[in-house]
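A.B. asks: please work out how this folds:
(one chain, ligands or ions: 1)
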Amino acid sequence: MNAAVSGVASGPSADSGPRPRRIAFLGPEGTFTEAALMQVPGARESERIPMASVPSALAAVRKGAVDAAVVPIENSVEGGVTATLDDVASGAELRILQEILVPIQFTLVAPGELALDQIRSISTHSHAWAQIRGWVEQNIPGVEYVPAPSTAASAVAFLDGHGGTISDGVPYDAGVCSPVVVDRHPELTVIAENIGDNKNAVTRFILVARPDATMPPPTGADKTSVVIPLWQDRAGALMEILEQFATRGVNLSRIESRPTGSHLGDYFFSVDVDGHIQDDRVADALMGVRRMCPRTRFLGSYPRADQRVIEVAKQHSDAAFIQARSWVDHLRGQ
Ligand SMILES: O=C(O)C(=O)C[C@]1(C(=O)O)C=C[C@@H](O)C=C1
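C.D. replies: Here you go, the predicted model:
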C-alpha cells in the first residue's frame, strides 16, 4: 500500500473488519477532482463522498466526518485554486499526504442538438471558464457566463428535468465538463469537444487529512508545502524568507501571495519547496523561516507526482549537516 494512503486513519469498526476509508471530493460524480481521487491508491475500495464545494470537503475532514479529501489546488493555465489555498492556510490544521496530476480536456454539452449560434449562455466552474475563454470568444462571441460549483454540476443539471439551472436558478443553454460525464450520461448531447485553449492543461490536486495522519516517508523526490504569514510589513521581509531557503540550497517550486482577509495589505505566502522535512536542509530552512515568521504553518511533506528526483549539492546534503552539527556539538562540549 502506498505510504500516502496508509497515513489516512482507517481503524476497525465496532463489529466488522476495517471499515472502508471515507474520502470526500469536490463533486458531483464526473468532476476532474473525482478523476484525481481515483488515482489515490485504494480509492476503488473507499467510500467516495461528493461535496458541493472545496470548503465543505475540507470541513468534513476537520470535523472527522471523513478520513481525507481530494481538492484541486493549482491549474497549469489559470494558477492557484484560491478556495483551497485560503482554506488550508487558516482554521484547524490539515496535512497534505499526496499530490495528483490530471490532464484537463473540456467538452461542451447541452440537453439536445444546438448550433453554436443558438447558444446564448454557458455554465461551468470558474477555473474551467478561464481555460476556454479564447475558444468561446472565437466560436460563440458575446455568450453569457453562468458560474457553477463544478464542471460536472453544470452538465448534470440538464438531467434532472430543470433544463440547466444552477443553485441560484439562473438558466443556461450549455455546460462545460470532462468527457467522462458524457461517457456516463449518453443522454447529454456533445456540441463541441476538446475546447480548452491550452491542449496541455494539467490540474494539480491534493489528498488532505488531519495532522495526526502518518506523514509519507521521504523518497528523494518530495515536496513540502508551507504557509508563511508575513509577520512585519517592512523592507526586505520577503527577501529574508527567501534567503532561508536559498542559503540551504532549497529550491522553491511555487510561491503565491494571498490576502489574509483580515485587512487590506495583510498577506501570507503559500509556498512549495523541493524536498522533505526529514531532509536536514529543508528542516533547517523551516526553522529559519519560523524564527522570522512565528505563525508559519506546515502543510505537509509528500512525494512529487512527477517523481522527479531532487539534485542536492554536496554542501546541502544530510551528511554535510550531520558533520557540521557534530563539529559544533563537540565545540560546545556535548
Ligand atoms: O469542476 C471540476 O471538475 C473540478 O474538479 C474543479 C476544477 C478546478 O478547480 O480547477 C478542476 C479542474 C479544472 O481545471 C476545472 C475545474
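A.B. asks: could you use CA atoms for every contact and neighbour count after this?
C.D. replies: Noted.
A.B. asks: packing partners of the one helix or strand Leu207 maps to?
C.D. replies: With the criterion set as DSSP states H and E, the secondary-structure element containing Leu207 is strand 202-209. Contacts of strand 202-209 with other secondary structure elements, assessed using 3 or more CA pairs under 8 Å, 6 or more residues apart in numbering; DSSP states H and E, are made with helix 32-37, helix 54-62, strand 68-75, strand 95-103.
A.B. asks: give me that answer again for 6 Å
C.D. replies: With contacts defined as 3 or more CA pairs under 6 Å, 6 or more residues apart in numbering; DSSP states H and E, the secondary structure elements packing on strand 202-209 are strand 68-75, strand 95-103.
A.B. asks: now mean pLDDT and distance to Ser126 too, for those, in JSON lines please.
C.D. replies: Formatted as JSON lines, the helices and strands packed on strand 202-209 follow (pLDDT from 0 to 100; distance: least, CA to CA, whole Å):
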{"stretch": "strand 68-75", "mean pLDDT": "97", "distance to Ser126": "12"}
{"stretch": "strand 95-103", "mean pLDDT": "98", "distance to Ser126": "17"}
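A.B. asks: mind putting those strands into JSON lines with mean neighbour count and distance to the ligand?
C.D. replies: Written out in JSON lines, the entries for the helices and strands packed on strand 202-209 read as follows (neighbours: other CA atoms under 10 Å; distance: least, CA to the nearest ligand atom, whole Å):
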{"stretch": "strand 68-75", "mean neighbour count": "26", "distance to the ligand": "5"}
{"stretch": "strand 95-103", "mean neighbour count": "23", "distance to the ligand": "8"}
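A.B. asks: for Pro171, see how far away Ser257 is.
C.D. replies: The spacing between Ser257 and Pro171, counted by CA to CA, to the nearest Å, is 36 Å.
A.B. asks: please apply the same query to Arg308.
C.D. replies: On the measure of CA to CA, Arg308 and Pro171 end up 46 Å apart.
A.B. asks: between those two, which is the more surrounded one?
C.D. replies: Neighbours per residue, other CA atoms under 10 Å: of Arg308 and Pro171, the larger number sits with Pro171, 17 against 12.
A.B. asks: is the ligand contacted by the strand holding Leu207?
C.D. replies: Yes. For strand 202-209 and the ligand, the contact criterion (CA under 6 Å from any ligand atom) is met by Thr203.
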